[in-house]
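Novice: Take this sequence and fold it.
(chains A and B)
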Amino acid sequence: MARSVNTQRKALNTAVAWAIGLLIFFPILWTILTSFKTEGQAISDPPVLFMFDWTLENYSVVLERSNYARFLWNSIFIAVGSTILGIIIAVPAAWSMAFVPSHRTKDILLWMLSTKMLPAVGVLYPIYLLFIKMGILDSRVGLVIVLMLINLPIIIWMLYTYFKEIPGEILEAARMDGASLKEEVLYVLTPMAIPGIASTVLLNIILAWNEAFWTLNLTAAKAAPLTAFIASYSSPEGLFFAKLSAASTMAIAPILILGWFSQKQLVRGLTFGAVK
Amino acid sequence: MGRITLDKVTKSFGETQVIPPLDLTIEDGEFTVFVGPSGCGKSTLLRLIAGLEDITSGQIRIDGNDATNVPPAKRGLAMVFQSYALYPHMSVRKNIAFPLRMAKLDKAAQDAKIEAAAAALNLTDYLDRKPGQLSGGQRQRVAIGRAIVREPSAFLFDEPLSNLDAALRVGMRMEISELHKKLATTMVYVTHDQVEAMTMADKIVVLRAGHIEQVGSPLELYKAPRNLFVAGFIGSPKMNLIDGPEAAKHDAHTIGVRPEHIAVSASEGIWSGKVGVTEHLGSDTFLHVHGTGLGEMITVRAGGEVDFKYGDTIYLTPRADVIHRFGTDGLRIA
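Specialist: Below is the predicted model:
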């Protein structure tokens, strides 16, 4: 009796989880489906789900009209570059906060997080002016710097949480064994924190890839990444939903594939520390 | 060589002084045990010697050289931690090799030392396992192996056995004592367990609130505790401490009688009382006697054969030649 109730409950849980999953995924699915429709079918009422004439025309138009490879390269450069730069700055910062904390460490962590609560548009004007003065407007280097700064609090927080899980005695043992600070970080701390560093890298690549506010406002043509590529298809002279969808699909495909293959790592990363 | 001298060493965390000025000399080759209740500063003292904590004032000398500002790695000491502190991502072999690798020893010399240490510690079959695949006792042996290969001038042990179960603890206790006899290297050992202190030490340092209460060999501490704290701390079961008129008879404020120094009888004796809980250990019987008028309870260590029941009347006679006398200041009266 108890067992059958249990099985029923499990089946219900699975059904609910699938329903929620599909609900969340539906906009993406719809975008992908729409990208294979004609412009007419894309806005037809009632909408068609699968029964339409599948076409690749939108993709060929989009590829013809814009230089997808350049947008893609910009996205990769900006996402990976800002993440690597962030990690290089965050590892020593998180190390010092986790292993040699002062009584202000908690305050600093909270203060860093509070910068994420600031509406970005509030600092758009000063940052825009700074970028003009420094001559880095519409440059990949400029975007790498600004996205690194935006994600740095999250990178430090995540690494800090991972490092906190590493027992201090192991690092002390390394010190007793004759390791210098560099050797201690290189041979003991980093290998032990590799899973944590990997999830942090993945999550931040995704966050940087999807970032739209700064990438749209600080770029024009040269450094524009895929977010700008999508935006260029929502034009004032009329919406081309099918082409917009094709552009969106092409923009999200790389990160979707990366996310799919690393989902185990990501879930572990995001729930790390929650369960001992 | 491994003579460690602490000269007026103090340690404060912020405003709180955990080690007041302290002088101590640990002779070369000696097995010294720091013992005391938790929070007495014994681990802090060990970490000061190791260099993992900076001292606030004073001087630490190792073999006569000032080591006060020398980093841990350069002090020539090796440490075994309570949590073992093995590197979880490295095999046993790599764990033991780590200090040799840091010392830039060549591969052949490394291998020879690892093999020798593994053979001495019965770890040869486990060299390619990760620490996660070992039992507690094996992990502790790896930690000791990692310390041995460095050939340090002294070993520091921070409660190394407290994570092991009772049976294993006795075995490891013997192994560490054996190791000390074989290597004849200075060992400094921290524990809160007075049995470990008594069984292993050449010299025991009893600590309370950062102060040294007494330094001496196990038997010195047992036979002539300097004050009430040491009297109550060393010895198992605890010494009976008796105040009042009974103590006055011996011209003392407090007298101490060890449980093993009291004779029991069903018919005659100096003190009488009712038997409470009795603990039969086979070889010994611990009797807890109430209602003697001497204090709450008197503990007696009798032979394994005695047969008193709960509530029986019992007569006790302390051995007059081993009664410890203490004054109002808690210090021993000679």
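Novice: quick check: mean pLDDT across the lengthiest helix in chain B?
Specialist: Longest helix of chain B, by residue count under DSSP state H: helix B:166-183. What helix B:166-183 shows for mean pLDDT is 90.
Novice: List the buried residues in stretch B:261-272.
Specialist: The neighbour-count check on stretch B:261-272 (16 or more other Cβ atoms under 10 Å in any protein chain shown) flags B:His261, B:Ile262, B:Val264, B:Gly269, B:Trp271 as buried. Where you see a C-beta, it was placed from the backbone N, CA and C, and this is true even at glycine.
Novice: So which of those residues reach chain A?
Specialist: Among the buried residues of stretch B:261-272, proximity to chain A is found for none (Cβ under 8 Å from any Cβ of the partner chain).
Novice: Switch those residues over to TSV; also include secondary structure and pLDDT.
Specialist: Listed next are these as TSV, based on DSSP: H, G, I helix; E, B strand; the rest coil; pLDDT from 0 to 100:
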residue	secondary structure	pLDDT
B:His261	helix	95
B:Ile262	strand	94
B:Val264	strand	93
B:Gly269	coil	91
B:Trp271	strand	92
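Novice: Tell me the one among those residues nearest to chain A.
Specialist: B:His261 (42.3 Å; Cβ to the nearest Cβ).
Novice: is it true that the closest one touches B:His324?
Specialist: No. The criterion here is Cβ atoms under 8 Å, and B:His261 misses it with B:His324 at 9.5 Å.
Novice: who does B:Thr317 bridge with?
Specialist: B:Ala263 (DSSP bridges).
Novice: can you pull the contacts of it?
Specialist: By Cβ atoms under 8 Å, 6 or more residues apart in numbering or on different chains, B:Thr317 lies in contact with B:Ile262, B:Ala263, B:Ser265, B:Gly269, B:Ile270, B:Trp271.
Novice: run the last query once more with 6 Å
Specialist: B:Ala263, B:Gly269, B:Ile270 (Cβ atoms under 6 Å, 6 or more residues apart in numbering or on different chains).
Novice: Which residue comes closest to the last one once chain neighbours are left out?
Specialist: Counting by Cβ to Cβ, 6 or more residues apart in numbering or on different chains, B:Thr317 is the residue found nearest to B:Ile270 once chain neighbours are left out, at 5.1 Å.
Novice: Look at the one you found and report its pLDDT.
Specialist: Looking at B:Thr317, its pLDDT reads 94.
Novice: cool, and A:Pro153?
Specialist: Note for A:Pro153: predicted pLDDT of 93.
Novice: Mind putting the buried residues of stretch B:261-272 into CSV with distance to A:Leu143?
Specialist: Formatted as CSV, those follow (distance: Cβ to Cβ, whole Å):
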residue, distance to A:Leu143
B:His261, 83
B:Ile262, 85
B:Val264, 88
B:Gly269, 93
B:Trp271, 89
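Novice: so where do the helices sit in chain A?
Specialist: Counting by DSSP H, chain A has these helices, from start to end: A:2-34, A:39-42, A:57-65, A:68-99, A:105-114, A:124-134, A:140-164, A:168-176, A:181-183, A:190-210, A:213-217, A:226-231, A:241-261, A:263-271.
Novice: ok, of these, where does mean pLDDT dip lowest?
Specialist: Taking the mean pLDDT of those, helix A:263-271 comes last: a mean of 70.
Novice: Pick out the residue of the stretch 151-300 of chain B closest to chain A.
Specialist: For the stretch 151-300 of chain B, Cβ to the nearest Cβ, closest residue to chain A: B:Leu156, 8.3 Å.
Novice: what about that residue, which helix or strand?
Specialist: strand B:154-158 (DSSP states H and E).
Novice: So what's the gap between the longest helix of chain B and the chain middle?
Specialist: Distance of helix B:166-183 from the chain centroid (Cα atoms, centre = their mean, to the nearest Å) equals 13 Å.
Novice: Pairing partners for the helix or strand that that helix is followed by, with directions?
Specialist: Helices and strands here follow DSSP H and E; after helix B:166-183, the next one along the chain is strand B:186-191. When pairs are called by DSSP bridges, strand B:186-191 turns out to pair with strand B:31-35 (parallel), strand B:154-158 (parallel).
Novice: With mean pLDDT and mean neighbour count added, can I get those in TSV?
Specialist: Output for the strands paired with strand B:186-191, formatted as TSV (pLDDT from 0 to 100; neighbours: other Cβ atoms under 10 Å in any protein chain shown):
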stretch	mean pLDDT	mean neighbour count
strand B:31-35	96	25
strand B:154-158	95	25
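Novice: Looking at these, spot the one closest to B:Leu207.
Specialist: B:Leu207 lies closest to strand B:31-35 among the strands paired with strand B:186-191, at 6.0 Å (Cβ to Cβ).
Novice: What is the subsequent helix or strand relative to the closest one?
Specialist: According to DSSP H and E, the helix or strand after strand B:31-35 is helix B:42-50.
Novice: Next, the contact list for A:Gly196, please.
Specialist: A:Tyr162.
Novice: same check, this time on A:Ala42
Specialist: A:Ala42 makes contact with A:Thr34, A:Phe241, A:Ala242, according to Cβ under 6 Å, 6+ apart.
Novice: same check, this time on A:Val123
Specialist: By Cβ under 6 Å, 6+ apart, A:Val123 lies in contact with nothing.
Novice: quick one on the thing from earlier: can you tell me which of the buried residues of stretch B:261-272 is closest to B:Val306?
Specialist: Out of the buried residues of stretch B:261-272, the member with the shortest distance to B:Val306 (by Cβ to Cβ) is B:Val264, at 6.3 Å.
Novice: most centrally placed residue in chain B?
Specialist: B:Ala197 (3.1 Å; Cα atoms, centre = their mean).
Novice: In the record's domain split, what are the boundaries for the chain?
Specialist: Answering for chain A, as no chain was given. Segmentation of chain A into domains, based on automatic domain parsing, reads A:2-58, A:66-232.
Novice: if you could check chain B rather than the one you did, that'd help
Specialist: According to automatic domain parsing, the ranges for chain B are B:4-230, B:237-326.
Novice: Now neighbour count and distance to B:Lys74 too, for the contacts of A:Ala42, in CSV please.
Specialist: Below are these laid out as CSV (neighbours: other Cβ atoms under 10 Å in any protein chain shown; distance: Cβ to Cβ, whole Å):
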residue, neighbour count, distance to B:Lys74
A:Thr34, 24, 68
A:Phe241, 19, 70
A:Ala242, 25, 71
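Novice: Going by distance to chain B, which of those residues wins?
Specialist: Checking those against chain B by Cβ to the nearest Cβ gives A:Thr34 as the nearest, at 47.7 Å.
Novice: Thought A:Ala247 was touching the closest one, still the case?
Specialist: No. Contact criterion Cβ atoms under 6 Å: A:Thr34 and A:Ala247 do not qualify, at 11.1 Å.
Novice: Relative to B:Met198, how far out is B:Ser217?
Specialist: Distance, B:Ser217 to B:Met198, by Cβ to Cβ, to the nearest Å: 10 Å.
Novice: Pick out whichever of those two has more residues nearby.
Specialist: A side-by-side neighbour count of B:Ser217 and B:Met198, using other Cβ atoms under 10 Å in any protein chain shown, places B:Met198 first with 19 against 13.
Novice: Which pLDDT value belongs to A:Pro119?
Specialist: Looking at A:Pro119, its pLDDT reads 87.
Novice: Phi and psi next, for it.
Specialist: Main-chain torsions, A:Pro119, degrees, to the nearest 10: phi -70, psi 130.
Novice: Just the pLDDT for the residue in the stretch 1-150 of chain A positioned nearest to chain B.
Specialist: Here the residue of the stretch 1-150 of chain A nearest chain B is A:His103; by Cβ to the nearest Cβ that distance is 9.0 Å. For A:His103, the model assigns a pLDDT of 88.
Novice: residue contacts, it?
Specialist: Contacts of A:His103 (Cβ under 6 Å, 6+ apart): none.
Novice: rewinding a little: deepest of the domains of chain B, which one?
Specialist: Ranked by mean neighbour count under mean count of other Cβ atoms under 10 Å in any protein chain shown, those are led by domain B:4-230, which reaches a mean of 18.
Novice: how long is that domain end to end?
Specialist: One end of domain B:4-230 to the other measures 24 Å (Cα to Cα, to the nearest Å).
Novice: Which of the three states applies to B:Val205?
Specialist: The three-state assignment at B:Val205 reads strand, by DSSP: H, G, I helix; E, B strand; the rest coil.
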